[in-house]
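>>> This is a predicted model, with the sequence first.
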Amino acid sequence: MPRLFFALWPDEVTRKQIDYVARQFKNQNIKPVKKSNLHITLEFLGEVSAEDQEVLIKKVTKLQLEPFDIEFTKVGWWRKPQILWIGTMHIPKELTRLVKSIKKCVKKQGLKIDKREYQPHVTIARKVKEVVIPNKALHISWHVNSFVLVVSNTKENGAEYQVLKEWFLEG
């Protein structure tokens, strides 16, 4: 069964800006996440049957939500999962609504949802044992007008993500 997740998928301009930030840490011997894999996870589903996937797509297609802007203003590091990330100081209310709506669809389908507090972020490097984060200003603005369903394919050189379906936020 495929491993799936819902995500915000950056446009090429935003993707390049995020990748640029990640590459600033190369001198600390940190390997950035592949530019093509950069995203914000909305809800991780894990392994999902074809039947559940089909029904879930139908449920999510009925959602009517507004586009929004997200401002990345900070770089952070979580020691235990060893993740270097960029995030926001302000979570847009439209993003919160989107996540809650997706979780509701997932739960109604009988699939497990992540019960942790939602912390939107883009993972820019993994397996980061130690890092010094410079005290530099960060400002990346991303206009979010869609979200996607993604399949995670495990390859020899790490995961490769493929967008299966995209939904536009039209309000």
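Perfect, thanks for sending it.

>>> hey, let's count contacts and neighbours off CA atoms from now on
Fine.

>>> Now do the helices in the protein.
When secondary structure is read from DSSP state H, the chain shows helices at 12-23, 50-61, 93-108.

>>> ok, residues contacting the longest one?
Meaning helix 93-108. Leu42, Glu43, Leu56, Lys59, Val60, Leu63, Leu65, Glu66, Pro67, Phe68, Lys112, Ile113 (Cα atoms under 8 Å, 6 or more residues apart in numbering).

>>> Now flag whichever of these is closest to Ile124.
Leu42 (16.2 Å; Cα to Cα).

>>> Look up which residues are beta-bridged to the closest residue to the closest one other than its chain neighbours.
Distances taken as Cα to Cα, 6 or more residues apart in numbering place Ala7 nearest to Leu42, at 4.8 Å, with adjacent residues excluded. When assigned by DSSP bridges, Ala7 has beta-bridge partners Thr41, Val148.

>>> List the residues that contact Ala7.
Neighbouring residues of Ala7 by Cα under 8 Å, 6+ apart: His39, Ile40, Thr41, Leu42, Glu43, Phe147, Val148, Leu149, Val150.

>>> pLDDT value on the closest residue to the fifth one other than its chain neighbours, please?
So the one you mean is Glu43. Spatially, and ignoring its direct neighbours in sequence, Glu43 is nearest to Phe6 (5.2 Å; Cα to Cα, 6+ apart). The per-residue pLDDT reported for Phe6 equals 98.

>>> Could you tell me how many residues sit around Phe6?
By the measure other Cα atoms under 10 Å, the count of residues near Phe6 is 24.

>>> ok now do it, which residues does it touch?
Taking Cα under 8 Å, 6+ apart as the definition of contact, the neighbours of Phe6 are Thr41, Leu42, Glu43, Phe44, Leu45, Phe147, Val148, Leu149, Val150.

>>> one more time with 7 Å
Thr41, Leu42, Glu43, Phe44, Val148, Leu149, Val150 (Cα atoms under 7 Å, 6 or more residues apart in numbering).

>>> so who does the first one touch?
If I follow you right, that is Thr41. With the criterion set at Cα under 7 Å, 6+ apart, Thr41 makes contact with Phe5, Phe6, Ala7, Leu8.
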